[in-house]
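Asker: got a sequence here, can you build the structure:
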Amino acid sequence: MDFPELLHMIGEQTKLWRLRFTSPHPKDLSSRLINEYRSHPTLCRHIHLPVQSGSTYILKKMRRAHTRDTYLKRIEELRKACPDVAITTDIIVGFPGENG
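Answerer: Below you'll find the model as predicted:
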């Protein structure tokens with residue numbers, strides 16, 4: 001079972017009023033996960049997505065699987081699925097090749 005399936009199951013089989021999860025990695029913000037925001041009213045309208053860089057070049061140097069554009073497209077898809085979603089973040093500082 002993957003994470004979107006788990007969220008779906010919890011939403012369908014429990015009597016929770018609210019369901020929230022913490023900090024998915026940007027690569028894990030799949031269309032299936034985004035769809036859970038559309039289909040489950042118990043899933044809190046909030047997501048916490050870390051930002052490591054706004055530069056595809058730096059993300060590649062950091063060996064991240066996503067690009068700036070894929071990150072922004074996922075957020076756009078999330079906002080279409082759930083227009084009232086609150087998005088919070090951590091700004092993660094540090095770059096490849098730093099000396100100190």
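Asker: tell me, what residue is most central in this structure?
Answerer: In the chain, the residue lying closest to the centroid (Cα atoms, centre = their mean) is residue 29, at 4.2 Å.
Asker: right, and that one touches residue 72 too?
Answerer: No. Counting by Cβ atoms under 8 Å, residue 29 sits too far from residue 72 to count as a contact (11.3 Å). Any C-beta I mention is one placed from the backbone N, CA and C, and that applies to glycine too.
Asker: how about the strands in this structure?
Answerer: 46-48, 86-88 (DSSP state E).
Asker: with mean neighbour count, distance to residue 10 and mean pLDDT added, can I get the ones you listed in JSON lines?
Answerer: Below are these laid out as JSON lines (neighbours: other Cβ atoms under 10 Å; distance: least, Cβ to Cβ, whole Å; pLDDT from 0 to 100):
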{"stretch": "strand 46-48", "mean neighbour count": "17", "distance to residue 10": "16", "mean pLDDT": "93"}
{"stretch": "strand 86-88", "mean neighbour count": "10", "distance to residue 10": "20", "mean pLDDT": "94"}
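Asker: distance to residue 54 added to the ones you listed, as JSON lines?
Answerer: Formatted as JSON lines, those follow (distance: least, Cβ to Cβ, whole Å):
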{"stretch": "strand 46-48", "distance to residue 54": "17"}
{"stretch": "strand 86-88", "distance to residue 54": "15"}
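Asker: residue 22: which of those strands is closest?
Answerer: When the strands of the chain are compared by Cβ to Cβ, strand 46-48 sits nearest residue 22, at 6.3 Å.
Asker: sheet partners, orientation included, of that closest one?
Answerer: strand 86-88 (parallel) (DSSP bridges).
Asker: what does the partner strand contact?
Answerer: 45-49, 75, 78 (Cβ atoms under 8 Å, 6 or more residues apart in numbering).
Asker: still on that earlier bit, from residue 67, how far off is the nearest residue to the residue nearest to the centre of the chain once chain neighbours are set aside?
Answerer: Nearest non-adjacent residue to residue 29, counting by Cβ to Cβ, 6 or more residues apart in numbering: residue 74, 4.7 Å away. Distance, residue 74 to residue 67, by Cβ to Cβ, to the nearest Å: 11 Å.
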